[in-house]
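In: Have a look; sequence and predicted model below, questions after that.
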Amino acid sequence: MRRKSENRSQVIAVRVEPAIEQRLRLLAEVTGRSQSFFLKKLIEKGIDAMEDVWLPQEVVAQVRSGALPTQQHGTTLDLFGD
């Protein structure tokens, strides 16, 4: 079964310090899971806390209610007005 384009996972590249990459690689090797699995879990579990700290309460309420538009092809939603 093919996924619809809006349900596909997106690729995000991030640079980390070598020590963090080594810890992530060790975690993946010892558990038999991929580094991507652990990065995805970190993001899923931590994004609520980051939104609570970095975004105004009104914006957090909109994000969690689904009221903000999703990202369009090649554009980024600018929540900070920069």
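Out: Yep, it's here.

In: drop to CA atoms for contacts and neighbour counts, all remaining ones
Out: Noted.

In: So which bits of the longest helix seen in the chain are buried?
Out: The longest helix of the chain (DSSP state H) is helix 35-54. By 16 or more other CA atoms under 10 Å, the buried positions in helix 35-54 come out as 35, 51.

In: In contact with Asp52, which residues?
Out: Asp52 makes contacts with Val60, as judged by CA atoms under 8 Å, 6 or more residues apart in numbering.

In: Quickly note the distance from it to Val60.
Out: 7 Å (CA to CA, to the nearest Å).

In: how far off helix 35-54 does the helix or strand bottoming out on mean pLDDT in the chain point, in degrees?
Out: One helix or strand of the chain scores below all others by mean pLDDT, DSSP states H and E: helix 57-65, with a mean of 91. Calculated by axes from the mean of the first three to the mean of the last three CA atoms, to 10 degrees, helix 57-65 forms an angle of 140 degrees with helix 35-54.

In: how distant is helix 57-65 from the center of its chain?
Out: 17 Å (CA atoms, centre = their mean, to the nearest Å).

In: Of all the residues in it, which ones are buried?
Out: Buried residues in helix 57-65 (16+ other CA under 10 Å): Val60.
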